[in-house]
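Trainee: Test case, fold it:
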Amino acid sequence: MSQVFRRIHEYYVGNQIGYGSFSSVRCAYQKDTFEEKAIKMISKKRLFEKCRHNSPIYNQMLYGESTLGSLLTHPRIAKIKEVIQTDGQIFQVMDLYEGDLRQVQFDTINMKKILIIVDDILSAIEYLHMNHICHRDIKIENILIDSNGRAFLSDFSFLSFSLDTLHQILGSVGTTAPEVFDGNYDGLKADIWSFGILHFKWR
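Mentor: Numbers count the residues shown, from 1 in each chain. Okay, here's the model as predicted:
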């Protein structure tokens, strides 16, 4: 498939390689070095609509995507290299990965590789929890895989500090802990539930 590139700041942005309810992910190249990158393009308008015009949730998700996510430094968390923000969009520049965990068939890899991926995910979760941060959207689609078969936790829309009981009902249907829907939960424990569901679904 041919690509039509457009320029965003110091990057040439091409075809879409992923998407969400308020964002899309496109392949990109750095203008001077032509190093391959991925750019997550977040529409503030669609994000606000996703939040059902709830300003507190919108502001928190905006903070997670534009600020908190870029501060995370762990080898098993997808690193946001740069954040470019305009009135209508947020652009997150990241490394380009091979795909996500959906492309890794559990029954086609050996136990050693399975344990490496599981350990990678748990290592990323442990880092967040040691810093009193919960992810709140741990699922197969948010685990990126590189060319060496290593796993990286991604997507920081629902990131939150978890120093006390949380009340915002956020997450994905099918992987979110039941107590989240009661609006009274421990974000760290809810993450562990989601990890268990992720592992069950992957198998």
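Trainee: for His9, what are its contacts?
Mentor: His9 makes contact with Ile84, Phe91, according to CB atoms under 8 Å, 6 or more residues apart in numbering. In this view, the C-beta of every residue, glycine as well, is placed from N, C-alpha and C.
Trainee: run the last query once more with 7 Å
Mentor: The contact partners of His9, by CB atoms under 7 Å, 6 or more residues apart in numbering, come to Ile84.
Trainee: what about Val13, how many neighbours?
Mentor: 22 (other CB atoms under 10 Å).
Trainee: Ok, Asp95 next?
Mentor: Neighbours around Asp95, by other CB under 10 Å: 15.
Trainee: Go through stretch 98-106 and flag the buried ones.
Mentor: Asp100, Leu101, Val104 (16 or more other CB atoms under 10 Å).
Trainee: Now tell me what touches it from outside.
Mentor: Taking CB under 7 Å, 6+ apart as the rule, stretch 98-106 contacts Ile114, Ile140, Glu141, Ile143, Leu144, Ile145, Asp146, Ser147, Ala151, Trp202, Arg203.
Trainee: mind checking how far the helix or strand hosting Leu128 is from the chain centre?
Mentor: Assessed by DSSP states H and E, Leu128 sits inside helix 111-130. Computed by CA atoms, centre = their mean, to the nearest Å, the chain-centroid distance of helix 111-130 equals 15 Å.
Trainee: list the buried ones in it?
Mentor: Buried-residue list, helix 111-130, by 16+ other CB under 10 Å: Ile114, Ile116, Ile117, Asp120, Ile121, Leu122, Ala124, Ile125, Tyr127, Leu128, His129.
Trainee: what kind of secondary structure is the spatially most central residue of the chain in?
Mentor: Taking CA atoms, centre = their mean as the criterion, Asp155 is the residue nearest the geometric centre of the chain, at 1.2 Å. Put simply, Asp155 is coil when judged by DSSP: H, G, I helix; E, B strand; the rest coil.
Trainee: any idea how far Ile109 is from it?
Mentor: Using CB to CB, to the nearest Å, Asp155 is found at 23 Å from Ile109.
Trainee: got a list of what the residue lying closest to Met94 once chain neighbours are set aside touches?
Mentor: Leaving aside its sequence neighbours, Met94 sits nearest to Ala38 (CB to CB, 6 or more residues apart in numbering; 5.0 Å). Contacts of Ala38 were listed using CB under 7 Å, 6+ apart, and they are Ile17, Val25, Cys27, Ala28, Met94, Asp95, Leu96.
Trainee: Checking the third one next. Helix, strand or coil?
Mentor: Three states are possible here, and by three-state DSSP the one that applies to Cys27 is strand.
Trainee: next one: the first one
Mentor: Per three-state DSSP, the local secondary structure of Ile17 is strand.
Trainee: before we move on, back to that, kindly provide the distance from the residue nearest to Met94 to Gly99.
Mentor: For Ala38, the distance to Gly99 - CB to CB - is 11 Å.
Trainee: what does Lys31 give?
Mentor: 26 Å.
Trainee: quick one: strands adjacent to the helix or strand of the chain with the lowest mean pLDDT?
Mentor: Lowest mean confidence among the helices and strands of the chain (mean pLDDT, DSSP states H and E): strand 6-8, at a mean of 81. Sheet pairing of strand 6-8 (DSSP bridges) gives strand 11-19 (antiparallel).
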